[in-house]
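Asks: What would the 3D arrangement of this be:
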Amino acid sequence: KLREDLPDCVRELRESASMNELLQEVVNRIEDGTRSTRIAVITDGKIEALKGVSREAVDEWLGSFDAHACTSEICNAPDRLFPVRVPLATTTDERVGWLLIGPRPDGSLLSRDEQDALVEVSSPITRAIRIVKRRDERESVLLRRIEALDASMATSGSASRKTTAH
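Replies: I've put the predicted structure just below:
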């Protein structure tokens, strides 16, 4: 499920979904594929998606999280909240965030194969996040331009009506 379905899904969603829609689908599919009790996605230091854990708990956890201590492809720590931490990074190793994965309901951790699958899918997820962010930025710029044009036209229209009224 993780290796085959998730990359295709994020490739499809990155073109039309919002960041929230994209990451909720990622979280849901990771939950289905791993049966983890807790999942969070962090990008640019911000909590973007959650499953099975409160925002407050993740905020508190982030306060003590040392990202520099996780230097490998996957960080498997004795942490009870998020023992598995997969960096979301580009091929140039520029980290944009983290997939944080908790244990299963019985307390067991993900198998090595599941951890490897998460590392494999982190690249398509990272690309999708970057594409959605760029698209959102472009759309925001366009919206501001349209609003400025509308305001300018409204001002011009108001000025021309005043001129013709005199």
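Asks: ok, the worst-scoring helix or strand of the chain on mean pLDDT: who's next to it in the sheet?
Replies: Here the helix or strand of the chain ranked lowest by mean pLDDT, DSSP states H and E is strand 75-76, holding a mean of 72. Note on strand 75-76: by DSSP bridges, its sheet partners are strand 84-89 (antiparallel).
Asks: Mind checking what helix or strand follows the strand it pairs with in sequence?
Replies: strand 95-101 (DSSP states H and E).
Asks: Report the angle between that following strand and strand 84-89.
Replies: Computed by axes from the mean of the first three to the mean of the last three C-alpha atoms, to 10 degrees, the angle separating strand 95-101 from strand 84-89 equals 160 degrees.
Asks: So which elements touch the helix or strand hosting Val141?
Replies: Using DSSP H and E, Val141 falls within helix 112-165. Applying 3 or more C-beta pairs under 8 Å, 6 or more residues apart in numbering; DSSP states H and E, one finds that helix 112-165 makes contact with helix 5-13, helix 19-34, strand 84-89, strand 95-101. C-beta: built from backbone N, CA, C; applies to glycine.
Asks: would CSV of these with mean pLDDT and distance to Glu137 be doable?
Replies: Output for the helices and strands packed on helix 112-165, formatted as CSV (pLDDT from 0 to 100; distance: least, C-beta to C-beta, whole Å):
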stretch, mean pLDDT, distance to Glu137
helix 5-13, 90, 18
helix 19-34, 93, 11
strand 84-89, 90, 18
strand 95-101, 91, 14
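Asks: Tabulate the ones you listed in TSV, adding columns for mean neighbour count.
Replies: Shown next, in TSV, are the helices and strands packed on helix 112-165 (neighbours: other C-beta atoms under 10 Å):
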stretch	mean neighbour count
helix 5-13	17
helix 19-34	19
strand 84-89	21
strand 95-101	23
